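# Build me a model from this:
(one chain, ligands or ions: 1)
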Amino acid sequence: YQWPSPLIDQVEGLLYEGRGEGDPNNSLIDFAGKLAQCQSGSLGESGAAEWIRFAYHDMATHNIEDGTGGLDNSLLLELDRAENVGVGMKHALADLSHFPNKYLSFSDVTAVGVAIASAQCQGPIVPIRAGRRDAIVAGPPGVPEPQQTLAEHTESFRLQGFTPEEMIALTACGHSVGGVRSNDFPAMVPPAPGTTADNFILFDTTTALDNTVVLQYLNSTTKNALVVDKNVTLISDFRIFNSDGNVTMNQLADPETFDQTCSRLFAQMINTVPAGVTLTDVIEPILTKVDGVQLSIGYDTLLLSASLRFLNSSDQRTVKILWNDKAGGCASGSCFNWSQNQRDVTTTLASRLGLSVNKYDFVAPINATTSISKFWFEINENDGSPVTVLDNEGSGYVITQDRVLYVPHSSTATSTVVAVRNDVAPSRVFMDVYTRGRSAIVNQTVDLAPSTDIESRVGYAFYSLTQSFTGVEFTFDLHSIVNGTTYTEDMRDTYFATNSPDF
Ligand code: HEM
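Numbering: from 1, shown residues only. Predicted coordinates for the structure are as follows:
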């Protein structure tokens, strides 16, 4: 692992790092924070259940015989099918769609969502791999529906890659959270008494992703509509759960077996991908990770923002950032700075792994003339142990160019400001934008024009754009063409935009 590794960095970040950090304005982009309460709605709706069902319906059309389908985001193109009915699908889509970007596919976000959902609901830890690719056309139908026969379900799960016992267990794991809605299945769940409002029958009496659904099925106290509904055509859980004479359900009555089985089968579910897609190794928490790197412009210097993240916290640790100028030394005589603050960004998943994830933030002034070529860190635990150098195995974190820079503190969600070195005028300054809509990812290229209201300073002229893209935030690659050479800032994120000119 080297800094930076965009795909791994991002998936790892969604798993182990919160992004809300207590700021309500960030709640839309705080992935784990969206499921802060496992069960949240007034009817007992569970965002976690919605995310898990969403993932299952996406993968359930996999066909092991020809290698098509799997967790590939084709669900986005199949939501109008009866087999994918449900307001929960729309909720999950709205939740998840803020997170894909140039490196992170929608289907990777969906996969991580299963791990977060399980962790937030006291369920098992689900290992995550990355590298899924999003389908651009719908696949054939085939998600199991309640009115189908046991034979049809067994064949459907076989095509998905599951044995008859795994069909029982995975269905029990999925149906340990959430329930059945009257709006979606009016034949099974009547509207709330005296109204036409949505009604909800939960699969079991606990919010947790635990084996209560199994125990209540075995001791006949279950209210699971897919077990006890009067219309026996629709009681598919009943047919599935007892299809092996309750052998599997009895095994799942042991909480540890339930957890281990659900962890394994959830992982198999999200790692079922179309033939030809290769997933990464399991993404483990990264010991020390650099994040939020942004070279930008201050009043009379460049400013380097970055944070260094640890998996354990310490009251006495001090962290220093050091850099080389463009010539490879330190001509200005001062090329280091201390961290400004430390913040706790631990997710539930991370804390369940015993981690205390925290970030040290830096905003270091950099001489604009001598600039910067790379940076690294020194860590002093102040406990008598030697100072450690974190330098990416010698190469440091390389800053590849300073010709075109995003200026987040002058930018907002609706306007982007960038700075361009003004020793040579660029022939073009433009962005390749990647916006996240609810149903589609939009790529477009837009040009920026010289700013009429920000004066040049420290050797940079300013360019700006008032944008009309939708979405809470978007990402973009920023380019300038100077004397025929293109300089690029890779994947900037409007998450950085603070609109705080008095930084
Ligand atoms: C034969 C197999 C299955 C059938 C017929 C089936 C059917 C259903 C039905 C009818 C609902 C109610 C949905 C609604 O009211 O919107 C539901 C909910 C749910 N299903 Fe399944 N299911 C099956 C297997 C699975 C599997 C394998 C998983 C995941 C591992 C899963 C996960 C869920 C979850 C989490 C919910 C709750 C959703 C919510 O509360 O919003 N299901 N299922």
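
# Return the residues of the stretch 251-400 of the chain in contact with the ligand.
Met269 (CB under 6 Å from any ligand atom). Where you see a C-beta, it was placed from the backbone N, CA and C, and this is true even at glycine.

# what sits against whichever residue of the stretch 251-400 of the chain sits closest to the ligand?
Closest to the ligand within the stretch 251-400 of the chain is Met269: 5.9 Å, counting by CB to the nearest ligand atom. Contact analysis of Met269 by CB atoms under 8 Å, 6 or more residues apart in numbering lists 55-56, 59, 71, 114, 170.

# Out of these, list just those in helices.
Residues of these located in helices (DSSP state H): 55-56, 59, 114, 170.

# Out of those residues, the closest to Leu465 would be?
The closest of the ones in helices among the contacts of Met269 to Leu465 turns out to be Ala55 (CB to CB; 36.3 Å).

# mind listing what the closest one touches?
Counted by CB under 8 Å, 6+ apart, Ala55 has contacts 71, 110-111, 113-114, 269-270.

# Leaving out the residues flanking it, which one is nearest to Ile466?
Not Ile; residue 466 is Thr. The spatial neighbour of Thr466 that comes closest, neighbours along the chain excluded (CB to CB, 6 or more residues apart in numbering), is Ser415 at 4.9 Å.

# Revised request: answer the last question for Leu96.
Val109 is the one closest to Leu96 (CB to CB, 6+ apart), at 5.2 Å.

# Now do the SS call for the one you found.
Following DSSP: H, G, I helix; E, B strand; the rest coil, Val109 is assigned to helix.

# any idea which of the contacts of Ala55 has the most stuff around it?
Leu71 (31 neighbours; other CB atoms under 10 Å).

# helix, strand or coil for the residue of the stretch 251-400 of the chain closest to the ligand?
Using three-state DSSP, the structure places Met269 in helix.

# what does Met89 give?
Assignment for Met89 (three-state DSSP): helix.

# Model confidence score at it, please.
pLDDT recorded at Met89 is 96.

# Quick one: the helices in the stretch 151-300 of the chain, in order.
Counting by DSSP state H, counting those that start in this stretch, the segments of the stretch 151-300 of the chain that form helices are 164-174, 212-218, 225-228, 236-241, 247-252, 255-270.

# Tell me the helices and strands packed up against the second one.
This means helix 212-218. helix 164-174, helix 247-252 (3 or more CB pairs under 8 Å, 6 or more residues apart in numbering; DSSP states H and E).

# Identify each buried residue in the last one, please.
If I follow you right, that is helix 247-252. 248-249, 252 (16 or more other CB atoms under 10 Å).

# same question, the first one
Applying a neighbour-count criterion of 16+ other CB under 10 Å, the buried positions in helix 164-174 are 166-174.

# Up against the ligand, what does this protein have?
46, 49-50, 52-53, 56, 86, 88, 144-146, 153, 170-171, 173-175, 177-181, 184-185, 236, 240, 269.

# can you rerun that using 5 Å?
With CB under 5 Å from any ligand atom as the criterion, the chain meets the ligand at residues 49-50, 52-53, 56, 86, 88, 144, 146, 153, 170-171, 174, 178, 180-181, 184, 236.

# re earlier: would you mind giving the helices of the stretch 151-300 of the chain as a markdown table with mean pLDDT added?
Formatted as a markdown table, the helices of the stretch 151-300 of the chain follow (pLDDT from 0 to 100):
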| stretch | mean pLDDT |
| --- | --- |
| helix 164-174 | 98 |
| helix 212-218 | 98 |
| helix 225-228 | 98 |
| helix 236-241 | 98 |
| helix 247-252 | 98 |
| helix 255-270 | 98 |
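
# any idea how far Arg309 is from Tyr447?
Residue 447: Asp, not Tyr. 35 Å (CB to CB, to the nearest Å).

# do Lys230 as well
From Lys230 to Arg309 the distance is 54 Å (CB to CB).

# just Val424 next, same as before
37 Å.

# now swap in Phe241 and tell me
With CB to CB as the criterion, Phe241 and Arg309 are 44 Å apart.

# can you check Gln467 too?
Taking CB to CB, one finds Gln467 at 30 Å from Arg309.

# Nearest spatial neighbour of Met431, chain-adjacent residues omitted?
Phe476 (4.3 Å).

# tell me which residues in the helix or strand where the one you found lies are buried?
Using DSSP states H and E, Phe476 maps to strand 474-482. Along strand 474-482, these residues count as buried under the neighbour rule (16+ other CB under 10 Å): 474-480, 482.

# So which elements touch the one helix or strand in the chain whose mean pLDDT sits lowest?
Across the helices and strands of the chain, the lowest-confidence element by mean pLDDT, DSSP states H and E is strand 441-447, at a mean of 81. Judged by 3+ CB pairs under 8 Å, 6+ apart, strand 441-447 is in contact with strand 428-436.
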